[in-house]
Structure formats: C-alpha cells, structure tokens
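*Asks:* Any chance you could fold what I've pasted below:
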Amino acid sequence: MEIERQYVDSHGQSEVAFAFSYILGFDLLPRLKAIARQKLSLAASTDAAQYPNLEPILTRSINWELIRQQYDEIIKYTTALKLGTAEPEAILRRFTRGGAAHPTYKALTELGKAIKTIFLCRYLHEESLRREIHEGLNVVENWNSANNFIFYGERGEFATNRVADQELAVLSLHLLQVCLVYVNTLFIQEVLTEPAWRDRMTVDDWRGLTPLIYHHVNPYGRIELDMGRRLLLAA
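*Replies:* Below you'll find the model as predicted:
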C-alpha cells in the first residue's frame, strides 16, 4: 500500500512522528484539539522581526546544523522502519535509554518542529485541509467504533499476555470485520437494485454510503421463544 496521508487525533502526532512521516514520504495530518496552544518554530533567529504579530506563538529557531550532523543516522533508522528490520518501540527505547536524549532523537525532534510548523501554517490557512482531516478522521473513528462493537468481550481488552492468544484474538477480529463489511455490502446492493430507493439517492448520499454500519447487528445472537413447544425431558 502506498500511503499518501495519515489522519490521526491529537495523541497520534508528535514532532518525531512528523519527522519520520516526512522522510517516509507521506503527510501526517492530525486533528489538533489544543490548536490554540501550538507554537511555530523559526527558520532562523533573525526571522522573528519579520513577524511581530506572531510573537506570542513563536519559539526558537530550528537547529539545522544538528540535523545535518545526524542526517545519515536519521536515514538509517527510517530505512529500518520502512523495511521492518526494527520495531518502532525498539528504536524509541534506544533513543530514550540512559536518561540523556539521543543525538539522533534530538535531530529528529528539530526536523519534526520544522515539518510541524509548515503543517500548522497550512492547517490555519486552508479550510479545505481542515475539512479533509475532519472527514478522514471521522472514517477512522467510525471504523474504531465498529471494532469496539465487535470486540466487546473483556471490554475490548486483551485478557492475556500470551502472544499466540493475542494474535488469535486479532485475527478473529479481522475476520469479523471482513464478514461485517461483506454482508453489509450485499445488503446495500440488494436495496439499491430497487429503482425506488436508488432514485432517492443524492450526491451527498452516494458520497456518505459506507458498509461500516452495525446498529442492525445483534452481537449476542437471537433467541427464538416458542411457547407452543416443550422440551422432550424424561420424567
């Protein structure tokens, strides 16, 4: 899959994430809840005089020299992420181990500040971008709500530390997801074959059509009670 954009909420973004996404070639597009508390980084310390009206939200300039010094290391770790030769958790543990911040981690943070500043300027300037992020994230949240509905046992949490059991639970969840989407697609197709329903669809209806619906599903099964029958139990 060629990823072009990644929509996340406020907790799904960080300066390091902005840096890695930029190098990997896709846009990290968060919907920031605390947008009023965000800061813009300066390209150079002398640039502050050019933006007197932005002084309350401006911070120090980017340390471009540190990024140049650590460029090869940044590419090395990013390549490891792309090829899957190292897990993100393992890389972050190496960066934060030992107390003092790793120089490559510091360089990624500086690069991330630059990319995030560009994003914030676009986010504030372009209403179309804000709408795109909001709509894209709503799709993700809808998918997550469907997952919570399906994976209701143990409050949607893994009840074991065994990797094999966790993998089985996730594979089962994926199977249920696929079945839900497939059956709903068949239902929707059957309804829309009728001209009376198809002709009522507007452009917005077609755009909002999705098989990610689950309110018609009973996750606990169905019990049919027939008061005219009795169990054949011996006396």
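*Asks:* helices and strands of this structure: which one bottoms out on pLDDT?
*Replies:* The weakest-scoring helix or strand in the chain, judged by mean pLDDT, DSSP states H and E, is helix 88-96 (a mean of 81).
*Asks:* what are the ranges of the strands in this protein?
*Replies:* 5-8, 27-30, 40-42, 58-61 (DSSP state E).
*Asks:* highest average neighbour count across the ones you listed?
*Replies:* Highest mean neighbour count of those: strand 27-30, a mean of 20 (counted as mean count of other CB atoms under 10 Å). Placement of C-beta: from N, CA and C, glycine included.
*Asks:* follow-up on the earlier one: alpha carbons of the least confident helix or strand of the chain, as CSV, please.
*Replies:* Below are the C-alpha coordinates for helix 88-96, written out as CSV (Å, rounded to 0.1, in the frame of the first residue of the first chain):
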residue,chain,number,x,y,z
PRO,A,88,9.3,1.4,16.3
GLU,A,89,9.2,0.6,20.0
ALA,A,90,12.7,-0.8,20.0
ILE,A,91,14.0,2.3,18.2
LEU,A,92,12.3,4.7,20.6
ARG,A,93,13.6,2.7,23.6
ARG,A,94,17.1,3.1,22.2
PHE,A,95,16.6,6.8,21.8
THR,A,96,15.3,7.4,25.3
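*Asks:* circling back: as CSV, the strands of the chain with distance to R230 and mean pLDDT would be great.
*Replies:* What follows is the strands of the chain, written out as CSV (distance: least, CB to CB, whole Å; pLDDT from 0 to 100):
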stretch, distance to R230, mean pLDDT
strand 5-8, 57, 89
strand 27-30, 61, 92
strand 40-42, 76, 89
strand 58-61, 78, 88
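*Asks:* could the ones you listed go into TSV alongside distance to Y152?
*Replies:* Formatted as TSV, the strands of the chain follow (distance: least, CB to CB, whole Å):
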stretch	distance to Y152
strand 5-8	25
strand 27-30	28
strand 40-42	43
strand 58-61	44
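*Asks:* between the ones you listed, which one is nearest to F119?
*Replies:* strand 27-30 (7.4 Å; CB to CB).
*Asks:* before we move on, back to that, quick one: closest of the strands of the chain to T193.
*Replies:* Closest of those to T193 is strand 5-8, at 33.1 Å (criterion: CB to CB).
*Asks:* got a list of contacts for that closest one?
*Replies:* S21, F26, D27, L28, L29, P30, R31, I133, G136, L137, V139, V140 (CB atoms under 8 Å, 6 or more residues apart in numbering).
*Asks:* export these to CSV and tack on distance to Y182?
*Replies:* Listed next are those as CSV, based on distance: CB to CB, whole Å:
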residue, distance to Y182
S21, 32
F26, 29
D27, 31
L28, 31
L29, 29
P30, 32
R31, 30
I133, 29
G136, 23
L137, 25
V139, 18
V140, 20
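*Asks:* so which pair among these is furthest apart in space?
*Replies:* Distance extremes for the contacts of strand 5-8: the farthest pair is S21 and V139 at 18.9 Å, using CB to CB.
*Asks:* ok, these two, which is more surrounded?
*Replies:* Neighbour comparison, S21 and V139: the larger count goes to S21, with 22 against 12 (by other CB atoms under 10 Å).
*Asks:* if I look at the residue nearest to the more buried one when sequence neighbours are not counted, how far off is D204?
*Replies:* Nearest residue to S21, sequence neighbours excluded (CB to CB, 6 or more residues apart in numbering): L28, at 4.0 Å. Distance of L28 to D204, given as CB to CB, to the nearest Å: 29 Å.
*Asks:* got it, and W143?
*Replies:* Distance, W143 to D204, using CB to CB: 20 Å.
*Asks:* Those two: which is more packed in?
*Replies:* Here W143 and D204 are set side by side on neighbour count (other CB under 10 Å), and the busier one is W143, at 14 against 8.
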